[in-house]
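Peer 1: Fold the following and give me the result.
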Amino acid sequence: MTAGDAQLRTGAFTISGRWKSVRHAYLGLLFMLRTQHNAWIHAAATVAVIAAGVALQVSVDDWRWLVVAIVMVWIAEALNTAFEHLCDVVSPEFHPSVKRSKDIAAGAVLLCAAGAVFVGVSVLLPHLTR
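Peer 2: Now for the predicted structure:
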């Protein structure tokens, strides 16, 4: 155990400890992007929405809605990925309840994505029809 690890476990605040936490979070996001096919779909949709927002010169108020929708999808995908991996560790063999739990978590991502599509269409469509 390094001194930084000991400080994290004892709750002491250090700048190096915060940087270590940020690094772990960054590695988790990279892992999600490397292993989850749907994360690539979310990434493509994120780039497309940002490009459309820039091209259509959406207002600051509209950007707020778009950013919230994008972030909600990414949060749901990250939590779903973490949940799936935890389930695989706790129950590596098939269990119907684990499958159901994973399906519910995936459903949460689907709900967020559907909501994000609604937000995106409601924000961008008026700009496209002008």
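Peer 1: roughly how far apart are Cys112 and Val54?
Peer 2: Per CB to CB, to the nearest Å, Cys112 is found 23 Å from Val54. All C-beta atoms are positioned from the backbone trio N, CA, C, and that covers glycine.
Peer 1: and what of His85?
Peer 2: 35 Å.
Peer 1: my guess is Phe83 meets Ser101, correct?
Peer 2: Yes: with contacts counted by CB atoms under 8 Å, Phe83 reaches Ser101, the gap being 7.3 Å.
Peer 1: could you list every residue that touches the spatially most central residue of the chain?
Peer 2: The C-alpha lying nearest the average C-alpha coordinate of the chain belongs to Trp74 (CA atoms, centre = their mean; 2.0 Å). The neighbourhood of Trp74, defined by CB atoms under 8 Å, 6 or more residues apart in numbering, consists of 42, 46.
Peer 1: for the one 5 residues further on, same thing?
Peer 2: Contacts of Leu79 were listed using CB under 8 Å, 6+ apart, and they are 105, 108.
Peer 1: host element of it?
Peer 2: helix 60-90 (DSSP states H and E).
Peer 1: Just checking, which helix or strand succeeds that helix along the chain?
Peer 2: Following helix 60-90 toward the C-terminus (DSSP H and E): helix 96-128.
Peer 1: Show me what that next one is packed against.
Peer 2: helix 37-55, helix 60-90 (3 or more CB pairs under 8 Å, 6 or more residues apart in numbering; DSSP states H and E).
Peer 1: which secondary element of the protein has the worst mean pLDDT?
Peer 2: None of the helices or strands of the chain scores lower by mean pLDDT, DSSP states H and E than helix 3-10, at a mean of 59.
Peer 1: pLDDT averaged over the helix or strand following that helix, what's the number?
Peer 2: As assigned by DSSP H and E, the chain's next helix or strand after helix 3-10 is helix 15-35. What helix 15-35 shows for mean pLDDT is 95.
Peer 1: Could you name the helices and strands sitting against helix 15-35?
Peer 2: For helix 15-35, the packing partners by 3+ CB pairs under 8 Å, 6+ apart are helix 3-10, helix 37-55, helix 60-90.
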